[in-house]
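*Asks:* with the input below, show me the fold.
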Amino acid sequence: MVRSQDVLPFAKESTTRLLPWIVGVMVYLAAVMMAGAMLLAGVAADWNRDLTGSFTVQIPPAEKKSDGSEKARVDRVIKLLRETPGILKVKAIPAKETAQSLEPWLGANFDADDLPLPRVVDVTLDRTKTIDLTAVGEKLQEAVPGAGLDSHEYSRDQILSLVHALGALAAVVIALIGGTCVSAVVFATRGGVAVHKEVIEVLHLIGATDDYIARQFQRQAFRIALIGSLFGAIVAVLTLFAIARFVTGLDAVLLPTPQLAFWQWCVLALVPLFASFIVTSATRRTVLRTLRQML
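*Replies:* Okay, here's the model as predicted:
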């Protein structure tokens, strides 16, 4: 007895031979793109949170060096900041740390004493209180001429704008990937219906409905899509782990460690199922539309 799923062997036709690979590649690209977008969004959120609750003060070196002059300028700034309401913590960054932060650009062998490096004071704000940074900056100028306050607002806005632009680009790319996948499915399904046209006509004569025929195609399309999408998802996960391991091994100060949260992995796990649903839905709609045109 012939099983119902073998009446129209859509999965064995030449038109669907490449469909699992196409679905797999599309899922791979979509998963990697989504992971990259989520990583960027997470890094941007961390930077935004850190930069919003802090600012730095740069104290230029004195024009005329004298014993204790630099320390006195730093002490005046620290005293003023600690007396300002809304500031939780004030920390003067040692000159040696400032010099070490320049090593990725200048190398490890440069002499910091030969460079007029400013002293940097890191300030942590009380998020529950409001502080007038403009007024603080004016007081700093009065206490130590040339001292500058950097609230990181410009840098924060630039980073967020870049992340939003990359997120929009990722969404467009994922939409194009989905559209390409659907187009491939439609082409393969139409070819499958054309190959089995005579069998479909016989099925109609013995009372088979369009819904029955569509279910024949969509059941096989789901299996094809699930196999291809699982393969693409596995390769995507391996790629993400390889990238994370490579980045972790780099000696890069400004490069964040890529790490996805649990809920983000759950979102990525849904990509194969979502792709299979899209393929199945596109197959069913294509079959029904093609059958109506055959009547």
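
*Asks:* low-confidence ranges in the stretch 1-150 of the chain?
*Replies:* 1-7, 11, 15, 63-68, 99, 102-115 (pLDDT under 70).

*Asks:* how about the helices in the protein?
*Replies:* Assigned by DSSP state H, the chain shows helices spanning 19-52, 69-82, 95-100, 103-106, 133-143, 153-195, 197-205, 210-248, 262-294.

*Asks:* now mean neighbour count and distance to Arg119 too, for these, in CSV please.
*Replies:* For the C-beta atoms, the positions are set from N, CA and C on the backbone; glycine is no exception. Output for those, formatted as CSV (neighbours: other Cβ atoms under 10 Å; distance: least, Cβ to Cβ, whole Å):
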stretch, mean neighbour count, distance to Arg119
helix 19-52, 19, 20
helix 69-82, 16, 5
helix 95-100, 14, 6
helix 103-106, 11, 18
helix 133-143, 15, 13
helix 153-195, 16, 20
helix 197-205, 14, 81
helix 210-248, 18, 32
helix 262-294, 17, 40
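
*Asks:* include distance to Pro118 when you put the ones you listed into a markdown table, please.
*Replies:* A markdown table is the format used below for those (distance: least, Cβ to Cβ, whole Å):
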| stretch | distance to Pro118 |
| --- | --- |
| helix 19-52 | 19 |
| helix 69-82 | 10 |
| helix 95-100 | 8 |
| helix 103-106 | 15 |
| helix 133-143 | 13 |
| helix 153-195 | 17 |
| helix 197-205 | 79 |
| helix 210-248 | 31 |
| helix 262-294 | 39 |
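
*Asks:* quick one, which of the ones you listed is nearest to Pro60?
*Replies:* helix 69-82 (8.8 Å; Cβ to Cβ).

*Asks:* and the closest one with helix 133-143, angle?
*Replies:* 150 degrees (axes from the mean of the first three to the mean of the last three Cα atoms, to 10 degrees).

*Asks:* let me see the contact set for Ile78.
*Replies:* Ile78 makes contact with Val90, Ala92, Val121, according to Cβ atoms under 8 Å, 6 or more residues apart in numbering.
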